[in-house]
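Student: would you be able to build a 3D model of this:
(2 chains)
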Amino acid sequence: MAILSTLLSYLSSHPSPLRLPQTSQYLSQQAPIFLSSSDSSKDTQETWIVYEQLLLSCLRTGDDASAKLCLERLSDRFGRDSPRISALVGLYEEAAAKDVRELESVLKGYQDILKEDPTNMPIEKRHIALLASLNRTEDAIKALTALLNHSPNDAESWSQLSSLYYTQGMYPQAIFCLEEVLLILPNAYNMFARLGEINYISAQGTNMDGLIESVKHFARSVELCEWYLRGWYGLKLVTGKILELNRADKAGGIERKKIEALNEMATKKLAEIVGKANRRERGWGGFDEAEVEAAKALVDSSDVKTVR
Amino acid sequence: MFTSAKSASIVSISTLLLIHSCYSAYEHSLISIGAKNSLPLDVTIETLVSVFLLCVGIVLNNSQELKPISWSVWSGQLERERGSGPYGYLEERLGFLDIRTKRAEFAKWAESNE
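Tutor: Alright, predicted model coming up:
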């Protein structure tokens, strides 16, 4: 098979290659082969998508030579001044920077571009990411709220703001931002699960209203995605906690029976996922191994409790 | 499962039949000016059969895998097959990629794997 179609089918079966080191490693190993092949000179949309992904993977694995080549070809094609390419150039400079002084000069470069064009979104995002990476979270939050002021429809930015607030322990603000994401994308089940997690964490295992709120969000996430491991895990964990804390027939306005039924259902689904993922059945290979392991531990621990 | 060659041949045969039936109807209309003759039965049958076959052929010709109609089934399938659904980008957030942390993380992983 030609290298371009190999890479395209790999990318379609691994939609976020930067999540795991293995997938980045594979892509960066393929990069020199692709760059020297005849496929690399095709001017199609797919080719440039592959270029961008290879660039990101090579930067991650430290193969700066291939990354530079990808970047050069992208900027030859689309021009160095295009917002998307200039953000990739910035990303390359950040990755190649050796010390804080060089990073500061990259940051200065971003600020200069933003002075000329204050609404250059890709550069604004790089600016914010670099501020956060330099541990200047407060500045990053300020810049991000400014971005959201002029483009409140950008779900990615709301999600980023939520995680920045979360790192600062500002849970109500983090929850608010996720709710904004859901106003834009009401089907985003992973954001529902995240809401459930933050509600659970901020409830600190004792605040019943927070726990009930968390159950509702987890339940919505698995309603929108029937095999969402994280959603089922959260549902089981939080309903288990509620059952442990509250012996009354009603907890926070929901009947105990209902909570028990939810807990049982989550246990069943988790057991099914763990079983199928561990037997490596066809069509069940997408789960993260550590997550499956954690789900197995959760199911096993509740088994012990019921036997007692 | 139908192969694409088979369905392609159905489409081409039925197209030929359809063209043929149109031509027959046209020729018939030329020789029967003024007469009360309606379209002969065989031309009618040929038209109906060719259109039916053409529809079947186009449906079978679909080479893409059919997606589940229900959203939760579809997203569930994406999660279990590839580990990331249609909203994975909201958590990955490539626009805000912290490349230095990612690099350090990879270097550590590569070291422990050697």
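Student: since we're on residue B:83, how many residues are nearby?
Tutor: 20 (other Cβ atoms under 10 Å in any protein chain shown). (C-beta placed from N, C-alpha, C; glycine too.)
Student: distance of it relative to residue A:30?
Tutor: Noted for residue B:83: a distance of 20 Å to residue A:30, by Cβ to Cβ, to the nearest Å.
Student: then residue B:48?
Tutor: Residue B:48 is 53 Å from residue A:30, by Cβ to Cβ.
Student: which one's more surrounded, those two?
Tutor: Neighbour count, other Cβ under 10 Å: between residue B:48 and residue A:30, residue A:30 has more, with 20 against 11.
Student: counting by contacts, list what the longest helix seen in chain B packs against.
Tutor: In chain B, taking DSSP state H as the definition, the longest helix is helix B:4-31. Helix B:4-31 sits against helix B:41-60, with contacts defined as 3 or more Cβ pairs under 8 Å, 6 or more residues apart in numbering or on different chains; DSSP states H and E.
Student: residues making contact with the helix it packs on?
Tutor: For helix B:41-60, the external contacting residues (Cβ atoms under 8 Å, 6 or more residues apart in numbering or on different chains) are B:2, B:6-8, B:10-11, B:13-15, B:17-18, B:20-22, B:24-25, B:28.
Student: filter the residues you listed down to the buried ones, PyMOL style.
Tutor: The following PyMOL line selects those of the contacts of helix B:41-60 that are buried, judged by 16 or more other Cβ atoms under 10 Å in any protein chain shown:
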select buried, chain B and resi 7+10+11+14+17+18+21+24
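Student: centre of the chain versus the longest helix of chain B, how much separation?
Tutor: 23 Å (Cα atoms, centre = their mean, to the nearest Å).
Student: report the angle between it and helix B:41-60.
Tutor: 150 degrees (axes from the mean of the first three to the mean of the last three Cα atoms, to 10 degrees).
Student: chain A: strands as residue ranges?
Tutor: A:250-251, A:254-255 (DSSP state E).
Student: and those strands: which comes nearest chain B?
Tutor: strand A:254-255 (22.1 Å; Cβ to the nearest Cβ).
Student: what does that closest one contact?
Tutor: For strand A:254-255, using Cβ under 8 Å, 6+ apart, the contacting residues are A:212, A:215, A:249.
Student: so what's the residue count around residue A:175?
Tutor: Neighbour count of residue A:175, defined by other Cβ under 10 Å: 20.
Student: verify the stated contact: it with residue A:199.
Tutor: Yes - using Cβ atoms under 8 Å, residue A:175 makes contact with residue A:199 at a distance of 6.8 Å.
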